[in-house]
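Asker: the sequence and its predicted three-dimensional model are supplied below.
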Amino acid sequence: MLAATLFAGIQFSFAFTPVRAAITSASAAKRSNLAWLPPASQSQIKVFAYLEAKAGRKVYRPDPLTPGGYTGQWFFARQPVTTDPQTVYPLIYGNLLVAKKLLRSDNVADRKLGLVVASYSNLWLRQSLRDTTLSPRLIEAFLLPYLDAAYSEDWRTVSRRQILEDANDAYQETHEVSHQATVLRLLIHSGSGVNTTDWARMALGELQASQGQYDEAADTAEAITNPSMAGGKGLAADWRKEADARAKAIAAQPVLDDPEAQHNSPHSKKNSP
């Protein structure tokens, strides 16, 4: 768990403009090849509705929800000490209201804290409540649209790499293959170290192979350069063989597989004596 002293004594202002925030979010998504994401505002409404339904009651805003009232100390004091859904869901609801406000700020430090709040809310959702259904939707609403505010240093909790890895985990658990493939490709091109990019290549190759895309999987794995992942080259060779075998099997299929050819075949019922 990130130390509570990380943001100790830091105050965050809330001067923001919704229009500018919306433009920032949209442009960040476009630059990151995440144009398929729904608007963050729409996604957030659905997340809040889900949380309130799970809480089974009306959830009220945390007190006080006022500018300048939040620090890292405030946030870490709100960590859940129970796994009771009727306690944790409202807590996450309140935290995400704060994250929403922070992420719409013009202040970069505010947005970074907003990512921290959203990231840990997702962590509690998964660990305390074992709720993997909401996790990808939370990530789409409060993390992926704001990648421009994420730290570039990989070791930080809300680094670009960590957000993408969390998204990969969430999509993997809900079997959202196309979205998982997208975030893995973003990880490959994220500029992180070879360990991260080659891990992402391996994961993407396995995902492609599971979908029968053996040539694509082989291409992906062949790009691995880390010597410690040399096994990926062997898998690439196996996938290439599987792709070749499938191509040969398709080429060897008789012409009679064509319904039109069957219709005109000398062995068809129409041409039989």
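Answerer: Arrived safely, thanks for sending. This one's a predicted model, so the numbers in the text were calculated from it and none came from an experiment. Residues are numbered from 1 along each chain as shown.

Asker: give me the element the closest residue to Glu216 other than its chain neighbours is part of.
Answerer: Closest residue to Glu216 apart from its sequence neighbours, by C-beta to C-beta, 6 or more residues apart in numbering: Gln208 at 4.7 Å. The C-beta positions use only the backbone N, C-alpha and C, and glycine is treated the same way. Following DSSP states H and E, one finds Gln208 within helix 194-210.

Asker: how far away from the center of its chain is the strand or helix carrying Leu125?
Answerer: Using DSSP H and E, Leu125 maps to helix 108-127. Centroid displacement of helix 108-127 relative to its chain, using C-alpha atoms, centre = their mean, to the nearest Å, is 14 Å.

Asker: all helices for the stretch 1-150 of the chain, in order.
Answerer: For the stretch 1-150 of the chain, the helices defined by DSSP state H, counting those that start in this stretch occupy 18-31, 40-55, 72-76, 85-103, 108-127, 135-142.

Asker: ranking the ones you listed by mean pLDDT, which is last?
Answerer: Comparing mean pLDDT over those, the weakest stretch is helix 18-31, at a mean of 45.

Asker: Pro38 reaches Glu140, doesn't it?
Answerer: Yes - using C-beta atoms under 8 Å, Pro38 is in contact with Glu140, at 7.0 Å.

Asker: buried deepest among the helices of the stretch 1-150 of the chain, which one?
Answerer: Of all those, helix 135-142 has the most neighbours on average by mean count of other C-beta atoms under 10 Å, namely a mean of 24.

Asker: so it versus helix 40-55, what angle?
Answerer: 140 degrees (axes from the mean of the first three to the mean of the last three C-alpha atoms, to 10 degrees).

Asker: run through who's touching helix 135-142.
Answerer: 37-38, 40, 43-44, 46-47, 50, 96, 99-100, 103, 114-115, 118, 121-122, 125-126, 163, 166-167, 170-171, 173-174, 176, 179 (C-beta atoms under 8 Å, 6 or more residues apart in numbering).

Asker: for the host helix or strand of Ala247, packing partners?
Answerer: Following DSSP H and E, one finds Ala247 within helix 231-251. Judged by 3 or more C-beta pairs under 8 Å, 6 or more residues apart in numbering; DSSP states H and E, helix 231-251 is in contact with helix 194-210, helix 214-222.

Asker: now these as JSON lines including distance to Gln86 and mean pLDDT?
Answerer: Compiled in JSON lines, the helices and strands packed on helix 231-251 are given as follows (distance: least, C-beta to C-beta, whole Å; pLDDT from 0 to 100):
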{"stretch": "helix 194-210", "distance to Gln86": "36", "mean pLDDT": "90"}
{"stretch": "helix 214-222", "distance to Gln86": "44", "mean pLDDT": "92"}
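
Asker: in JSON lines: those, plus mean neighbour count and distance to Ala249.
Answerer: Below are the helices and strands packed on helix 231-251 laid out as JSON lines (neighbours: other C-beta atoms under 10 Å; distance: least, C-beta to C-beta, whole Å):
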{"stretch": "helix 194-210", "mean neighbour count": "20", "distance to Ala249": "17"}
{"stretch": "helix 214-222", "mean neighbour count": "22", "distance to Ala249": "12"}
